[in-house]
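Trainee: Predicted model, plus sequence, below.
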Amino acid sequence: MQTSPEQGKSKSRRNLGIAIGIVVILAVIVVVAASSAGIGIVQKSTVTTVTSSTATVESAVSNNIVNAVVTVGARTYESYQINVPDGATGITVTGSFTASGGSGNDIEVFVLDSIDYTNWVNGHQVSAYYDSGQVTTNTLNVQLPGSGTYYLVYSNTFSLLSSKDVNTQVNLNYQIPVQTVVMYTTSYVTS
């Protein structure tokens, strides 16, 4: 006698159901037998702990103060304010300049704190962190003591008639502390 495809599928489903039933009955028998024999069945679980801590690292900062050809008129000056934030360390002003114009192709460059800058603008004697004197070209590598306001000055006040073009590029460099959060994850299995 031949079976139809539908009958064959029905028979396969019935056999699968019987097999699943047998597996479930065997699992129950194993659990009951283990309990009777004093064998405990323990559920294991994973415990995860997250721990964090903060660390302070130094981050290097470099800000451009000026990168241009600066025209400084006769008997005048051009200045750029430099702001150094609180907590900064390793503070330097670095760069270079080259002047052209007039009979000497020269300029004076200063780095001053805010008090000396005010005194210099008013024609008084000052103590500069950097004073190039009258030169055509030079480089700067000036260390500053700490946070505050400073000024980079290009002075042509000594020239009565000639303006000067100063090709210059100067940067402020420092380290600043940055707090970072470090996360640690620990996992283990308990019984």
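Mentor: Arrived safely, thanks for sending.
Trainee: which residues in the chain form strands?
Mentor: 45-72, 77-84, 89-100, 108-113, 130-131, 137-143, 148-155, 164-190 (DSSP state E).
Trainee: Output these as TSV; include the columns distance to Asn119, mean pLDDT and mean neighbour count.
Mentor: Where C-beta positions appear, they are placed from N, C-alpha and C, glycine not excepted. Formatted as TSV, the strands of the chain follow (distance: least, CB to CB, whole Å; pLDDT from 0 to 100; neighbours: other CB atoms under 10 Å):
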stretch	distance to Asn119	mean pLDDT	mean neighbour count
strand 45-72	20	84	11
strand 77-84	13	98	16
strand 89-100	19	97	18
strand 108-113	8	98	22
strand 130-131	14	98	16
strand 137-143	19	97	14
strand 148-155	11	98	21
strand 164-190	22	82	14
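Trainee: Closest to the centroid, which residue in this protein?
Mentor: Ser59 (6.1 Å; CA atoms, centre = their mean).
Trainee: residues contacting the nearest residue to that one once chain neighbours are set aside?
Mentor: When the adjacent residues along the chain are set aside, Ser59 lies closest to Val178, with 4.6 Å between them (CB to CB, 6 or more residues apart in numbering). Contacts for Val178 (CB atoms under 8 Å, 6 or more residues apart in numbering) come out as 56-59.
Trainee: coming back round to it: got the strands of the chain as a markdown table, with distance to Val121 columns?
Mentor: Formatted as a markdown table, the strands of the chain follow (distance: least, CB to CB, whole Å):
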| stretch | distance to Val121 |
| --- | --- |
| strand 45-72 | 15 |
| strand 77-84 | 8 |
| strand 89-100 | 19 |
| strand 108-113 | 9 |
| strand 130-131 | 15 |
| strand 137-143 | 20 |
| strand 148-155 | 9 |
| strand 164-190 | 19 |
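Trainee: closest one to Ile25 among these?
Mentor: strand 45-72 (28.1 Å; CB to CB).
Trainee: what about the closest one, distance to the chain center?
Mentor: Relative to its parent chain, strand 45-72 has a centroid offset of 3 Å by CA atoms, centre = their mean, to the nearest Å.
Trainee: Then stretch 80-98?
Mentor: 18 Å.
Trainee: circling back to that earlier point, the residue nearest to the centre of the chain and Leu172, how far apart?
Mentor: Per CB to CB, to the nearest Å, Ser59 is found 14 Å from Leu172.
Trainee: swap in Leu140?
Mentor: 11 Å.
Trainee: shared neighbours of those two, which are they?
Mentor: In contact with both Leu140 and Leu172: Val93, using CB under 8 Å, 6+ apart.
Trainee: Kindly provide the distance from Ser62 to Asn173.
Mentor: Distance from Ser62 to Asn173, by CB to CB: 5 Å.
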